[in-house]
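Asks: I'd like to go over a predicted model; first the sequence, then the structure.
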Amino acid sequence: MAETTPPNGRVVGFPLSRIDGPLKVSGKAPYAAEHHPAGLLHGFVTIATIGVGRITGIDTTQAEAVPGIVKIYTHENRPRTAWWDSSWKDEVALPGHPFRPLENDRVLYDGQPVAFVVAETFEAARDAASMIRVSYAPEASHTDLTEERQNAYVPKQKRSGIAPPPPPRGDPDAAFETAPFKIDAQYIHEGEYHNPMELFGSTVIYEGDGRLTIHDKTQGSQNSQNYVCGVFELDPANVRVFNSYVGGAFGSGLRPKHQLFLSTMAALDLKRSVQLEISRREMFYLTWRPATVQRVRMGADETGRLVAVLHDAVQATSLYEDYQEVVVNWSGLAYKCDNVKLTYELAAMNVSTPGDMRAPGAATGVFALESAIDELSYEVGIDPLEMRVRNFVHVDQNEGKQFTSKALHACYREAAERFGWSQRLHAPRSMHDGQDLVGWGMATGIWEAQVTQAAARARLDIDGSATISAAASDIGTGTYTILGQIAADCFGLPADRVTVRIGDSSLPKTSVEGGSWTAASSGSAAQAAATAVRATLLAHAKNMDNSPLAKATVEQTAIRDGRLVLDVNDQIGVSIDDIMASKNITFVEEEGQVGPDQSKMKVFSSYTHSGIFVEARVDEELGVVRVTRVVIAVAAGRILNPKTARSQVLGGVVMGIGMALHEEGLADHRSGRIMNHNLAEYHVPVNADIHDIDVIFIEEHDDKASPIGVKGLGEIGIVGVAAAVANALYHATGNRVRHLPITIDKLFYAKEAAE
């Protein structure tokens with residue numbers, strides 16, 4: 001096929017369509033709740049209808065009379081599970097006490113599971129669940145962050161992998177007080193809720209003798225496997241978890257959810273296969289981007305150079321776990337400033353534990369940072385882009401390290417030129433188009449580029465086909481495709497000759513898919529495995545009589561057109577067929593591993609960067625907002641696949657627009673209950689809300705960020721977008737809104753407050 005044979009013969013860097021695409025668009029890709037073994041039982045959850053309190057009684061009489069009911073579980077009859085918290089902690093667990101479904105009579109948050117019905121059919125389980133009568137002793141709820149922040153605290157135990165704010169540098173308070181230009185502003189972000197297309201579901205197939213095969217909606221099959229084995233004290237050899245296809249997750253699937261626990265519990269207890277798929281409503285009780293209140297104080301001199309940055313944040317968490325993000329650190333990293341103080345605190349509330357949601361911490365913190373520096377540019381009286389350029393920094397001031405690469409200047413330059421920024425009029429409310437006020441705003445995006453521990457297995461067969469295997473996940477990012485491309489180039493094959501096996505806990509170990517590290521980690525592991533195959537082939541070739549490769553090193557060889565050859569001279573080499581025949585084998589299979597390079601990490605910091613330019617229009621009479629143009633330039637090292645990479649950035653931008661204008665969790669603080677737990681009232685952007693989005697990839701060579709030179713793309717697309725939209729709306733209207741989402745009422749209120 002033409003698409004699998006790029007003109008230069010190199011598959012990496014070619015805009016190859018997703019290799020899993022045909023299965024998905026034809027409906028043949030089975031998701032977690034689309035497996036139906038014989039004798040499958042179905043589950044349904046009854047959830048709490050108070051925000052906090054105790055269960056005083058559960059009446060299951062009517063429910064048990066429904067035909068087809070097999071068993072109803074509550075805290076009164078739940079089977080025994082592991083006692084210690086350590087057995088319940090997953091790979092990305094938080095400090096605190098992990099949530100244990102049906103553990104006792106305590107209700108910790110609205111929507112908490114209080115009963116689990118298992119029946120022969122889904123309909124019977126659903127109907128019976130609605131008949132369970134639960135009585136409660138409600139208690140006063142605490143769900144309003146603006147009130148609870150007065151009790152905020154610095155977490156005593158740090159979350160693994162999350163850097164606390166660095167120590168202050170310089171004398172930020174004094175520098176702020178004496179700065180000729182300054183702003184002191186509060187930024188509020190309401191909670192956002194994950195709404196991927198695929199609901200959370202688990203199909204637990206009971207194989208007999210305590211063996212389980214599990215299909216789970218998760219971002220890490222091995223994380224789910226380890227969780228199940230820890231909680232139920234099972235031998236990992238008897239539990240195999242698949243997440244072959246994941247219909248979106250965005251961080252919501254990093255940690256195991258209660259549908260996995262409940263379906264596994266019932267399968268082990270009943271010795272039958274059990275499936276549980278939760279409803280859209282229940283999605284709102286699983287995990288969320290926490291509400292945050294931030295204060296930014298920023299001072300500049302007469303030239304617009306920063307002299308002080310002070311950024312404080314208070315973020316919501318649950319009563320039982322200390323969820324933490326990197327929210328304020330970006331303000332000490334993004335721009336040059338010698339006087340910086342950053343603080344981060346938590347406020348415990350009657351809510352479910354928050355969780356990572358696309359660019360956790362950065363999407364929140366950079367909104368405040370990039371809004372504040374935009375505000376300060378108007379105080380100084382210089383162009384917002386020029387303000388950022390004047391404060392460009394070439395080192396990581398938080399850690400005193402060099403960057404592995406930073407092509408942010410090129411992002412600014414190319415995106416501004418494509419957008420037409422030079423035609424912008426500086427004054428707010430100065431640009432019109434008929435009845436529309438037109439605003440142009442911009443922001444900087446930044447996200448960490450990481451490599452985690454990962455392994456992969458590569459196999460080259462004598463028939464000229466190859467297989468790459470790893471327990472990595474594909475949550476819609478294109479993991480199947482990029483691993484196939486990397487293997488194809490390593491073995492000199494067209495992409496359609498490579499089979500990719502992922503989403504299976506029995507495959508070589510990888511981390512959960514998150515943090516934009518999968519391409520850099522699993523991709524590098526795939527390359528390492530393919531290199532190991534080449535090394536084995538070379539060792540075999542050297543043992544052949546009169547081998548032309550007798551003195552060659554692995555680094556000097558390549559595989560092209562079915563031959564192991566010298567990289568600089570294709571004429572010198574041996575056919576793969578002959579090499580394998582010489583050893584009487586039909587394939588060569590090897591594993592490769594990668595991990596963080598500790599020596600480089602001591603010297604370098606690595607980040608992905610972007611420049612975002614937004615045009616927003618506001619109907620002057622109605623206040624209706626439209627984001628009509630976005631140009632985003634991204635510097636992310638080597639781009640493995642421009643098509644899937646562009647899709648990642650497009651998705652991030654859309655979510656950023658949702659963060660800026662649409663998404664808002666609403667709670668009744670009197671009861672502690674979520675009020676808009678559906679897609680009718682929890683607004684997400686739809687096609688009619690999205691207009692032109694132009695994605696530019698900046699050429700950036702980086703041989704230190706990862707072994708294959710890539711940086712992650714999953715998160716960078718959202719970071720800074722909300723600020724760019726807010727900045728554009730200020731430029732359009734002259735009304736500064738610091739409370740997300742920006743709705744018509746807030747725009748009008750900001751106008752009235754300004755007047």
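Replies: Happy to help now that I have it. Numbers count the residues shown, from 1 in each chain.
Asks: any idea how far Gln222 is from Pro256?
Replies: The gap separating Gln222 from Pro256 is 11 Å, by C-beta to C-beta, to the nearest Å. Using the backbone N, CA and C atoms, a C-beta is placed for each residue, glycine as well.
Asks: out of those two, which sits in the more crowded spot?
Replies: A direct count of neighbours by other C-beta atoms under 10 Å for Gln222 and Pro256 places Pro256 higher, at 30 against 24.
Asks: what bits of the chain have low per-residue confidence?
Replies: 1-5, 750-755 (pLDDT under 70).
Asks: helices and strands around the lengthiest helix in it, which ones?
Replies: Once the chain is assigned using DSSP state H, the helix that runs over the most residues is helix 518-542. Using 3 or more C-beta pairs under 8 Å, 6 or more residues apart in numbering; DSSP states H and E as the contact test, the elements touching helix 518-542 are strand 454-461, strand 466-469, helix 479-491, strand 557-560, strand 563-566, helix 576-583, strand 587-594.
Asks: including mean neighbour count, could these go into a markdown table?
Replies: Listed next are the helices and strands packed on helix 518-542 as a markdown table, based on neighbours: other C-beta atoms under 10 Å:
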| stretch | mean neighbour count |
| --- | --- |
| strand 454-461 | 24 |
| strand 466-469 | 24 |
| helix 479-491 | 26 |
| strand 557-560 | 20 |
| strand 563-566 | 20 |
| helix 576-583 | 17 |
| strand 587-594 | 18 |
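Asks: report how many residues lie close to the nearest residue to Leu40 once chain neighbours are set aside.
Replies: Excluding its sequence neighbours, the residue lying closest to Leu40 (C-beta to C-beta, 6 or more residues apart in numbering) is Ser273, at 4.9 Å. Residues near Ser273, counting by other C-beta under 10 Å, number 22.
Asks: ok, Ser273 touching His42?
Replies: No: look at Ser273 against His42 with C-beta atoms under 8 Å: they stay out of range, at 10.0 Å.
Asks: which one of the helices and strands packed on helix 518-542 lies closest to Ser263?
Replies: Of all these, helix 479-491 sits nearest to Ser263, with 25.5 Å by C-beta to C-beta.
Asks: the closest one relative to helix 518-542, how many degrees between them?
Replies: Orientation of helix 479-491 against helix 518-542 (axes from the mean of the first three to the mean of the last three C-alpha atoms, to 10 degrees) gives an angle of 30 degrees.
Asks: just give me how far helix 479-491 sits from the chain centre.
Replies: Mean-position distance between helix 479-491 and its chain equals 22 Å (C-alpha atoms, centre = their mean, to the nearest Å).
Asks: burial of Val70, as a residue count?
Replies: Neighbourhood size, Val70 [other C-beta under 10 Å]: 17.
Asks: quick one: secondary structure of the closest residue to it other than its chain neighbours?
Replies: Nearest non-adjacent residue to Val70, counting by C-beta to C-beta, 6+ apart: Val118, 4.7 Å away. Here Val118 is recorded as strand under DSSP: H, G, I helix; E, B strand; the rest coil.
Asks: swap in Val366?
Replies: Assigned with three-state DSSP, Val366 falls in the helix class.
Asks: then the one 5 residues further on?
Replies: Here Ser371 takes the helix state, with states given by three-state DSSP.
Asks: just give me the neighbour total for the closest residue to it other than its chain neighbours.
Replies: Nearest in space to Ser371, with sequence neighbours left out and distances taken as C-beta to C-beta, 6+ apart, is Ala723 at 4.9 Å. By other C-beta under 10 Å, 31 other residues sit near Ala723.
Asks: so Ala723 sits in a helix?
Replies: Yes: under three-state DSSP, Ala723 falls within a helix.
Asks: save the helices and strands packed on helix 518-542 as CSV, and put in distance to Gly355 too.
Replies: As requested, these are exported to CSV (distance: least, C-beta to C-beta, whole Å):
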stretch, distance to Gly355
strand 454-461, 22
strand 466-469, 29
helix 479-491, 21
strand 557-560, 43
strand 563-566, 47
helix 576-583, 47
strand 587-594, 27
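Asks: identify whichever of these lies nearest to Ala129.
Replies: Per C-beta to C-beta, nearest to Ala129 of the helices and strands packed on helix 518-542: helix 479-491, 36.0 Å.
Asks: so which elements touch that closest one?
Replies: For helix 479-491, the packing partners by 3+ C-beta pairs under 8 Å, 6+ apart come out as strand 454-461, strand 466-469, strand 498-501, helix 518-542.
Asks: to Thr203, which of the ones you listed lies closest?
Replies: Of all those, strand 498-501 comes closest under C-beta to C-beta, at 19.7 Å.
Asks: then that closest one to PDB, C-alphas only?
Replies: Included here for strand 498-501 are C-alpha records, laid out as PDB according to Å, rounded to 0.1, in the frame of the first residue of the first chain:
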ATOM      1  CA  VAL A 498       4.900  -5.500  11.700                       C
ATOM      2  CA  THR A 499       2.500  -6.800  14.300                       C
ATOM      3  CA  VAL A 500       2.100  -4.800  17.500                       C
ATOM      4  CA  ARG A 501       1.000  -6.600  20.700                       C
END
